[in-house]
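Engineer: show me how the following folds:
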Amino acid sequence: MAVSGRAEPPVVRVETSARQAPDATAPVAPAPAPPAPSTARTGTGAETAAAPRALAASVPTRLLIPSAGVDAPVTGLGLNADGTVEVPAADRADEVGWYRNGPTPGETGPAVLIGHYDTAHGPAVFHNVPKLKPGDLIQVRREDGGTVDFRVRSLLQYAKGEFPTETVYGNTKGPELRLITCGGRIGTDGHWTDNIVVLADPAAPVG
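Structural biologist: The predicted structure is shown next:
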C-alpha cells in the first residue's frame with residue numbers, strides 16, 4: 001500500500017446526500033475570504049523559525065476529534081477516473097478516508113483526510129466538522145502505534161468548482177493536516193455546493 005509519494009493534486013468534490021432538504025435554498029453564512037497565495041502563518045521568533053520535526057511514514061488508522069464527536073476508523077483512498085479523490089461509500093459514511101498518494105499524518109507535508117457531511121440516510125462522520133474552532137484538538141492514531149496531535153488553525157469554505165488545490169496540497173515546511181467535507185447549501189442536483197477545508201498544525205513538536 002502506498003503511504004507517500006506525491007501525485008498530481010486531485011480535485012475534491014465529496015459529493016454527498018443527493019437529498020432534498022426542507023431548507024435546501026436557505027442562505028448560508030458568507031464564506032471566509034480566500035487566503036493569500038502563501039499559507040505561511042503569521043508570527044515572530046520561535047513561531048516561524050523552525051518547522052516541527054517530522055515522523056516517518058505510517059498509515060493512519062483512526063481519527064478522533066473530541067469537540068466534533070468524531071471517533072472513526074480511517075481507510076485509504078485513491079483517485080477516480082476523472083481525477084477526483086475517492087470517498088468512502090455512502091453505506092460506510094461513518095468512516096474517514098485518507099488520500100494515500102500524499103503524506104501520512106506526522107510526515108512533512110499536508111496529510112488529507114476526507115469525510116461525508118451527510119448522506120440520504122442522515123448525518124455522517126464529519127457532520128460537526130464545520131463547527132470546529134481554532135485551537136480544537138484533532139488526534140490521528142497511526143499503524144505504528146503512535147498518535148499525532150494537531151490543533152485547528154482555520155476553516156475555509158469554497159465553491160466546489162473553486163477548490164483551493166494549492167492551499168490543500170501545496171508543500172509545507174513541516175507536518176500539517178487537512179480535513180475536507182461538504183458545506184454551503186444543497187443545490188438543484190441534490191448535492192452540497194461547497195467544500196469546507198480545515199487547516200491544522202501539530203499541537204506540539206512531533207518526533
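Engineer: can you give me the helices for this structure?
Structural biologist: Assigned by DSSP state H, the helices in the chain fall at 46-49, 165-169.
Engineer: show the average pLDDT along the longest one.
Structural biologist: Yep, that's helix 165-169 we're talking about. For helix 165-169, the mean pLDDT works out to 91.
Engineer: distance from the chain centre to that helix, please.
Structural biologist: When C-alpha coordinates are averaged (CA atoms, centre = their mean, to the nearest Å), helix 165-169 and its chain have centres 11 Å apart.
Engineer: pull the CA atoms of it into PDB?
Structural biologist: The C-alpha coordinates for helix 165-169 follow below in PDB (Å, rounded to 0.1, in the frame of the first residue of the first chain):
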ATOM      1  CA  THR A 165      -5.700  23.000  -4.700                       C
ATOM      2  CA  GLU A 166      -2.500  24.800  -3.600                       C
ATOM      3  CA  THR A 167      -3.800  25.600  -0.200                       C
ATOM      4  CA  VAL A 168      -4.700  22.000   0.400                       C
ATOM      5  CA  TYR A 169      -1.900  20.100  -1.300                       C
END
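Engineer: Ala72: neighbouring residues, count only.
Structural biologist: Using other CB atoms under 10 Å, Ala72 has 20 neighbouring residues. Any C-beta I mention is one placed from the backbone N, CA and C, and that applies to glycine too.
Engineer: ok, now which ones touch it?
Structural biologist: 62-63, 94-96, 115, 125 (CB atoms under 8 Å, 6 or more residues apart in numbering).
Engineer: that one pairs with what?
Structural biologist: Leu63 (DSSP bridges).
Engineer: ok, it to Asp94 distance?
Structural biologist: 6 Å (CB to CB, to the nearest Å).
Engineer: which residues are common contacts for these two?
Structural biologist: With contacts taken as CB under 8 Å, 6+ apart, Ala72 and Asp94 have Val125 as neighbours in common.
Engineer: mind jotting down where the strands sit in this protein?
Structural biologist: Taking DSSP state E, the strands of the chain run over residues 60-65, 70-77, 96-99, 109-114, 118-119, 122-123, 137-142, 147-159, 175-186, 192-202.
Engineer: now the ones you listed in JSON lines, with mean pLDDT and distance to Tyr169?
Structural biologist: Output for those, formatted as JSON lines (pLDDT from 0 to 100; distance: least, CB to CB, whole Å):
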{"stretch": "strand 60-65", "mean pLDDT": "98", "distance to Tyr169": "17"}
{"stretch": "strand 70-77", "mean pLDDT": "97", "distance to Tyr169": "14"}
{"stretch": "strand 96-99", "mean pLDDT": "96", "distance to Tyr169": "9"}
{"stretch": "strand 109-114", "mean pLDDT": "96", "distance to Tyr169": "6"}
{"stretch": "strand 118-119", "mean pLDDT": "88", "distance to Tyr169": "25"}
{"stretch": "strand 122-123", "mean pLDDT": "91", "distance to Tyr169": "28"}
{"stretch": "strand 137-142", "mean pLDDT": "98", "distance to Tyr169": "18"}
{"stretch": "strand 147-159", "mean pLDDT": "95", "distance to Tyr169": "14"}
{"stretch": "strand 175-186", "mean pLDDT": "92", "distance to Tyr169": "8"}
{"stretch": "strand 192-202", "mean pLDDT": "93", "distance to Tyr169": "11"}
